[in-house]
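>>> missing the sequence, but the structure's below:
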């Protein structure tokens, strides 16, 4: 056949051709079935990003401060003068002798009684009102633009630099010394805000340190200002509570320890909480257990069962005054050290630990309500005590830069855009890194394809279309009259579980002082 095709005309040529084809076939079969020692790496690293336009009247002039920052930057071989961060927020007391944190604690104590206490107290929901805010971010809908995913792993400094350069390129920004385009935005005098987790921040700051000797702002990455994502800060806060009250075996000894509450709230997950719980599990524990503990404080202060207390038919002003008293007596404060100075035989160490637990739970609630300026410094101290020194460094630098390094325009840009509101509704502010994690869920899991279509190329191709798919989904729900069906989880009915936990607390009296 080879001879008839004109490929081979002699016996030797025919044999050589057959051997060559046989060898090629052997190599093809060998490559096809030889999969034991040459497994392909199934772990694919992708980097995704979101673009947010700045809101609340922030213009490009607010960010036109690149040279000012460089003059104050320690990377410019100029040391910043030492400044006492403790004097940042002097907390004045109101007429009732309460600080801003005490006011929040009182509001939370009263809210738990009204929302989760006996039915009589539910009538005061309208009178509870909103939390008093010193300065809040205006409610404005924040547009979200999904960037194309990048086939990069943000595990090294160089790859983080590549991610920044690629994100800027997708936004129409490139090195002005390399690209001669009159239509391209020149950022040689401007700052760009980058949000991310702790690892990304360390890599970007390391890159700026390495490149501080370069001769142009672009090469020095001068335009990059990193902001730690608040969702990761919240996760670190939950883990700090676990390190303090659950990880040590000695913290589980007494009957009022947090682990005993877990046995009632989540009886099948005590082993997980004792080893390494996920963030969602810790978040629910802090929320649910905190509610029951604060209700038990009401019971102890009223000196009667809450149902009997409700039968007294107190007015809202009476409850408000009692909530102010609770935040002074059942949350650890400066009075705790004064009390400990008494005779040791008159002190209760377990009672002290429970007051500290109340304080940490309320600090977590304060962070969950995004009261950042009032609680960040308290969490810095907790992180330092629990060994989270990288978070201590990042948050300390953040406070220092906000109040002593950044000019007024940039300070406002960061403070007003540290959270976003994609829905444009009150109480719907999200951390930016949480939005990125949600975007990762959509591009990698929900819209990432199935089976043979679940490839890196497919994910990268469809990653910018996340918002379009979401809009189509909403239109389909609306047109098919399925708008009442949503993937948002309903709030769990914990009334029976709360009842059992409160019964346990009533039997063991965690908030009654027992000297000695």
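That came through, no problem. All values reported here derive from a predicted model rather than from experimental measurement.
>>> Kindly state the pLDDT recorded for residue 298?
Residue 298 is assigned a predicted lDDT (pLDDT) of 94.
>>> now residue 320
As predicted, residue 320 sits at a pLDDT of 93.
>>> Residue 227 belongs to a strand, doesn't it?
Yes - Residue 227: assigned to a strand according to DSSP: H, G, I helix; E, B strand; the rest coil.
>>> residue contacts, it?
193-195, 398, 414, 418, 432 (Cβ atoms under 8 Å, 6 or more residues apart in numbering). C-betas here are computed from N, CA, C, even on glycine.
>>> Kindly report the same for residue 435.
Neighbour list for residue 435: 50, 144, 420, 422 [criterion: Cβ under 8 Å, 6+ apart].
>>> For my notes, please list those in TSV and give distance to residue 272, secondary structure and pLDDT for each entry.
TSV is the format used below for the contacts of residue 435 (distance: Cβ to Cβ, whole Å; DSSP: H, G, I helix; E, B strand; the rest coil; pLDDT from 0 to 100):
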residue	distance to residue 272	secondary structure	pLDDT
50	32	strand	74
144	34	coil	85
420	32	strand	92
422	32	coil	89
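>>> Most neighbours among those, which one?
Counting neighbours by other Cβ atoms under 10 Å, residue 420 leads the contacts of residue 435 with 23 neighbours.
>>> For it, which non-adjacent residue is closest in space?
Nearest in space to residue 420, with sequence neighbours left out and distances taken as Cβ to Cβ, 6 or more residues apart in numbering, is residue 142 at 4.1 Å.
>>> residue ranges with poor pLDDT in the stretch 301-450 of the chain?
Low-confidence segments of the stretch 301-450 of the chain, defined by pLDDT under 70: 336-346.
>>> Spell out the residue ranges of the strands in it.
For the stretch 301-450 of the chain, strands defined by DSSP state E, counting those that start in this stretch occupy the ranges 419-420, 430-431.
>>> So which of those is the most surrounded?
strand 419-420 (a mean of 20; mean count of other Cβ atoms under 10 Å).
>>> In terms of secondary structure, what does that one contact?
On a contact count with 3 or more Cβ pairs under 8 Å, 6 or more residues apart in numbering; DSSP states H and E, strand 419-420 meets strand 430-431, helix 432-441.
>>> Quickly find the element holding residue 194.
Residue 194 belongs to strand 192-196 when assigned by DSSP states H and E.
>>> the inter-axis angle of whichever helix or strand comes after that strand versus helix 432-441?
Using DSSP H and E, the helix or strand that follows strand 192-196 in sequence is helix 198-210. Compare the direction of helix 198-210 with that of helix 432-441 by axes from the mean of the first three to the mean of the last three Cα atoms, to 10 degrees and you get 110 degrees.
>>> any idea of the mean pLDDT in helix 198-210?
If you average the pLDDT over helix 198-210, you get 90.
>>> Sort out which residues of it are buried, please.
198, 200-205, 207-208 (16 or more other Cβ atoms under 10 Å).
>>> Now find how far off-centre that helix is within its chain.
19 Å (Cα atoms, centre = their mean, to the nearest Å).
>>> before we move on, what about stretch 457-469?
Averaged C-alpha coordinates place stretch 457-469 at 24 Å from its chain's average position (Cα atoms, centre = their mean).
>>> got a list of contacts for that stretch?
Counting by Cβ under 8 Å, 6+ apart, 46, 48, 144-151, 439, 442-444, 447-449 sit against stretch 457-469.
>>> ok, residue 200 touching residue 226?
Yes - using Cβ atoms under 8 Å, residue 200 is in contact with residue 226, at 7.4 Å.
>>> Can you pull the residues that touch both of those two?
In contact with both residue 200 and residue 226: residue 194, using Cβ under 8 Å, 6+ apart.
>>> which of the contacts of residue 435 sit farthest apart?
50 and 422 (10.0 Å; Cβ to Cβ).
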